[in-house]
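Novice: What follows is a protein structure lacking sequence information:
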């Protein structure tokens, strides 16, 4: 098993998630869904630099917040949250062999990452929703790499090295494991009682300072159950 000798992963189990997931509404397991109400959910409609920082390139309509300070997952000097870098990448900037891994829809994907640094951030948008039940879907490729062998990635074998939590106004779920090196889809169902603006998005964290530590994110949808 490959390990990151410079920044080893702790062997102690992670602490419990800070929030507990509320019960999701009972719904048809295969509901009929409406149109995607998220702005620029597949990241095909341009990008911008938050705060004018080139390393914080984001899809139009989306913003990011991040944590700094001790991670709580170890006491070494590298066990601190650092600001991630984000890029909106098109097929032009990815090798053809990676298109099917990192792009879930259209021609673009978002890469949020840091080499040799732990990251914890929230990617979100504000959207006005009518009353009803909604299904929020997120597609990810966790890119947690402990080391490289002649250019071949050795994925982290800890399924909780990367984690996801949904945001609906605030924390909407506990942390969900995102095993590295595979395409993943997560959904969260929630109900809005009255028409209002709702902040929706996801919290993502790569808990350890791995050689490569990040996520590819694409094809975010929020659809009302019909």
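Specialist: Okay, I see it. Bear in mind the structure is a predicted one, so any value in this text is a computation, not a measurement. Residues are numbered from 1 along each chain as shown.
Novice: show me what contacts the residue nearest the centre of the chain?
Specialist: By CA atoms, centre = their mean, the chain has its centre lying nearest to residue 204, at 4.4 Å. Residue 204 makes contacts with 112, 119-123, 140, 162-164, 178, 215, 217, as judged by CB atoms under 8 Å, 6 or more residues apart in numbering. (C-beta placed from N, C-alpha, C; glycine too.)
Novice: Surely residue 202 touches residue 120?
Specialist: No: the pair residue 202 and residue 120 fails to qualify as a contact (CB atoms under 8 Å) at a distance of 11.8 Å.
Novice: If you count surrounding residues, which of the two has more?
Specialist: Each of residue 202 and residue 120 had its neighbours counted (other CB atoms under 10 Å), and the higher figure belongs to residue 202 (23 against 19).
Novice: neighbour-wise, which of the contacts of residue 204 leads?
Specialist: Across the contacts of residue 204, the neighbour count under other CB under 10 Å reaches its highest value at residue 215, namely 31 neighbours.
Novice: What pLDDT is listed against it?
Specialist: The model reports residue 215 with a pLDDT of 98.
Novice: all numbers from here: first residue = 796
Specialist: Done: numbering now begins at 796, and the last item shifts to residue 1010.
Novice: a helix runs through it, doesn't it?
Specialist: No: assignment of residue 1010 by DSSP: H, G, I helix; E, B strand; the rest coil gives strand, placing it outside any helix.
Novice: Pairing partners for it in the sheet, please.
Specialist: The bridge-partner assignment for residue 1010, based on DSSP bridges, gives residue 907, residue 937.
Novice: any low-confidence regions in the chain?
Specialist: Scanning the chain for pLDDT under 70 picks out the ranges 796-823.
Novice: All the helices of it, residue numbers only.
Specialist: Assigned helices in the chain, in chain order: 891-897 (criterion: DSSP state H).
Novice: Skipping adjacent residues, who's closest to residue 998 in space?
Specialist: If you skip the residues right next to it in sequence, residue 998 has residue 960 as its closest partner in space, 4.3 Å away by CB to CB, 6 or more residues apart in numbering.
Novice: Identify the residues contacting the one you found.
Specialist: 812, 814, 966-971, 997-998.
Novice: and if you look at residue 846?
Specialist: Taking CB under 8 Å, 6+ apart, we find residue 846 in contact with no residue.
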